[in-house]
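>>> can't give you the sequence, but here's the structure:
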């Protein structure tokens with residue numbers, strides 16, 4: 001049976017690939033396989049995850065045929081709650097996530113990228129949230145994550161117009177963090193992932209928690225969170241290993257956090 005989403009894991013880096021021709025649309029099959037992949041990765045040692053697509057498409061958004069089946073308010077609420085829950089599951093992964101945007105990332109596809117921590121785009125990638133053209137809005141977290149990433153003015157520009165942006169334009173808008181040649185996308189993203197994976201996993205996870213949770217807190221409470229997580233890293237022990245490795249001019253050997261210590 002064809003898997004619409006699968007993964008490969010090497011040296012702590014998981015590469016999650018959406019492969020649902022022709023455009024990797026957000027169908028029930030892609031959703032279910034993606035969820036199964038995330039569940040499988042909870043049983044593995046993962047330090048960084050890369051999410052990418054196949055061919056000319058990262059992910060081209062929702063399945064239009066599925067939208068035509070939504071006739072009632074109850075149907076619409078059930079669908080959007082499922083879609084938001086899916087994006088939330090990606091955003092809640094404790095380790096860093098990188099969207100390797102290999103082609104078109106539109107609608108729900110861009111929302112997947114927005115749920116990741118970092119976005120690296122191929123030079124030929126096309127990004128956009130065209131929902132307003134079809135009488136809806138980016139309801140799988142798009143309006144909120146986009147505004148937090150690029151600011152409300154730019155987010156409204158992107159969504160009000162519904163236009164498609166090139167990778168270069170997306171970089172200027174702050175929609176992606178890097179643009180690389182198409183032939184170098186996976187190699188460049190893997191190099192970035194390995195650089196993250198080489199650091200203390202618990203420190204990197206705590207950084208993610210500080211930033212993600214702190215954005216929604218008043219500054220004094222966000223600083224308190226930062227203090228608590230910083231202090232908790234000292235007895236964990238990676239700090240001592242990192243310093244000792246530096247003194248001995250060797251690569252540190254960090255533990256992989258599991259269970260409640262990972263959060």
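In hand now; what should we look at? As the structure is a prediction and not an experimental result, all values here were calculated from the model.

>>> Please count neighbours and contacts with C-alpha atoms only from this point.
Will do.

>>> now for whatever helix or strand residue 189 lives in, which elements pack on it?
Assessed by DSSP states H and E, residue 189 sits inside helix 185-197. Counting contacts by 3 or more C-alpha pairs under 8 Å, 6 or more residues apart in numbering; DSSP states H and E, helix 185-197 is packed against strand 13-18, strand 48-52, strand 97-101, strand 118-122.

>>> buried residues in the helix or strand just after it?
Moving toward the C-terminus from helix 185-197, the next helix or strand (DSSP H and E) is helix 201-214. Buried positions in helix 201-214, judged by neighbour count with 16 or more other C-alpha atoms under 10 Å: 201, 202, 203, 204, 205, 206, 207, 208, 209, 210, 214.

>>> Could I get the average pLDDT for the next helix or strand after helix 201-214?
Downstream of helix 201-214, the next assigned helix or strand under DSSP H and E is helix 219-236. Throughout helix 219-236, pLDDT has a mean value of 95.

>>> again with stretch 174-187
Mean predicted lDDT for stretch 174-187 stands at 97.

>>> can you give me how far that stretch is from the chain middle?
Using C-alpha atoms, centre = their mean, to the nearest Å, the mean C-alpha position of stretch 174-187 is found 15 Å from that of the whole chain.

>>> In that stretch, which residues are buried?
Buried positions in stretch 174-187, judged by neighbour count with 16+ other C-alpha under 10 Å: 175, 176, 178, 179, 180, 185, 186.

>>> Who is the fourth one paired with across the strands?
Per DSSP bridges, residues listed as beta-bridge partners of residue 179: residue 121.

>>> what's near enough to touch it?
By C-alpha atoms under 8 Å, 6 or more residues apart in numbering, the residues touching residue 179 are 120, 121, 122, 123, 167, 168, 171.

>>> Between the two ends of stretch 38-53, how far is it?
Stretch 38-53 has an end-to-end distance of 16 Å (criterion: C-alpha to C-alpha, to the nearest Å).

>>> same deal with stretch 167-179?
Across stretch 167-179, the terminal residues are separated by 7 Å (C-alpha to C-alpha).

>>> Tell me if I'm right that residue 158 and residue 128 touch.
Yes. Residue 158 is in contact with residue 128 according to C-alpha atoms under 8 Å; the separation is 7.0 Å.

>>> related to what we said a few turns ago, out of the helices and strands packed on helix 185-197, nearest to residue 70?
Residue 70 lies closest, by C-alpha to C-alpha, to one member of those: strand 13-18, at 24.7 Å.

>>> Output the contacting helices and strands for the helix or strand following that closest one.
Following strand 13-18 in sequence order, the next helix or strand is helix 28-41 (DSSP H and E). Contact partners of helix 28-41 among helices and strands, from 3+ C-alpha pairs under 8 Å, 6+ apart: strand 5-10, strand 13-18.

>>> Can you get me the centre-to-centre distance for helix 28-41 and its chain?
That offset, for helix 28-41, works out to 15 Å (C-alpha atoms, centre = their mean).

>>> Going by secondary structure, the nearest residue to residue 165 once chain neighbours are set aside is in what exactly?
Leaving aside its chain neighbours, residue 165 sits nearest to residue 127 (5.1 Å; criterion: C-alpha to C-alpha, 6 or more residues apart in numbering). Following DSSP H and E, one finds residue 127 within strand 126-128.

>>> No further queries at this time; thank you.
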